[in-house]
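K.L.:
next come a sequence and a model predicted from it.
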Amino acid sequence: MAIFVQTEDFDLSTEVAKLRAHSPKVGAIVSFVGVVRDLNEGLDVQSMELEHYPGMTEKALQEIVAEAQRRWALMECLVIHRVGLLQPLDQIVLVAVATAHRGEAFSACEFIMDYLKTQAAFWKKEQTPEGQRWVDARETDDLALTKWGLVSSNAVVKSAP
């Protein structure tokens, strides 16, 4: 299991090949690559800057992967998350999971991304024509955790009237 927080880009083919090389028992590899979009919430995005809290970020990512390992029989898992200044089309994140069977690989990869979007210590700032703005986790990201039996620490709990 490998976790990297870095400014450098990554090559999907190279990273997947590394996962496959570790065990002939691997029957499925599922990967997700997140990319900077040029449009968010109706505004053009000229760039995105990702900040993190070193040490805290890696710990959160390790906890996410450990939880995925408890839920599924992962043979290998890789999380690469970039920080720093990124442009539209730049890769932000790679999550790749290797298991014996595809169902586990799909579920584990989706779980890690759902969890990562709300629980990892990253802060995103977009540069738009109207200026800079911080990007919060979306309500849909918080809701995605509920299918895994989890509640986001970012979720707003509404009380009954």
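P.N.:
That came through fine. Numbering: from 1, shown residues only.
K.L.:
the helix or strand in which Leu19 is found: which residues count as buried?
P.N.:
For Leu19, the enclosing helix or strand under DSSP states H and E is helix 12-21. Along helix 12-21, the positions that meet the burial threshold by neighbour count (16 or more other Cβ atoms under 10 Å) are Glu15, Val16, Leu19. C-beta coordinates here come from the backbone N, C-alpha and C atoms, glycine included.
K.L.:
out of the residues you listed, flag the one nearest to Val79.
P.N.:
Taking Cβ to Cβ as the measure, Glu15 is the one of these closest to Val79, at 10.4 Å.
K.L.:
quick one: average confidence on stretch 59-68?
P.N.:
Model confidence over stretch 59-68 averages 95 on the pLDDT scale.
K.L.:
and for Asp136, the neighbour number?
P.N.:
Applying other Cβ atoms under 10 Å, we find 10 residues neighbouring Asp136.
K.L.:
what do you get for Gln132?
P.N.:
Counted with other Cβ under 10 Å, the neighbours of Gln132 add up to 11.
K.L.:
ok, what's across the strand from it?
P.N.:
Taking DSSP bridges, one finds Gln127 as the beta-bridge partners of Gln132.
K.L.:
from Ala105, how far out is it?
P.N.:
Summarising the geometry, the distance separating Gln132 from Ala105, computed by Cβ to Cβ, to the nearest Å, is 38 Å.
K.L.:
for the helix ranked longest in the chain, C-alpha coordinates in CSV please.
P.N.:
The helix that spans the most residues within the chain, counting by DSSP state H, is helix 102-119. As requested, the backbone C-alpha atoms of helix 102-119 are provided in CSV (Å, rounded to 0.1, in the frame of the first residue of the first chain):
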residue,chain,number,x,y,z
ARG,A,102,-13.4,-6.9,-10.0
GLY,A,103,-16.3,-6.2,-7.7
GLU,A,104,-14.0,-5.7,-4.7
ALA,A,105,-11.7,-3.5,-6.8
PHE,A,106,-14.6,-1.3,-8.0
SER,A,107,-16.1,-0.9,-4.5
ALA,A,108,-12.8,-0.3,-2.8
CYS,A,109,-11.7,2.4,-5.3
GLU,A,110,-15.1,4.2,-5.1
PHE,A,111,-15.0,4.0,-1.3
ILE,A,112,-11.5,5.5,-1.1
MET,A,113,-12.5,8.4,-3.4
ASP,A,114,-15.7,9.0,-1.5
TYR,A,115,-13.9,9.1,1.8
LEU,A,116,-11.0,11.1,0.5
LYS,A,117,-13.2,13.9,-0.9
THR,A,118,-14.5,14.7,2.6
GLN,A,119,-12.0,13.4,5.1
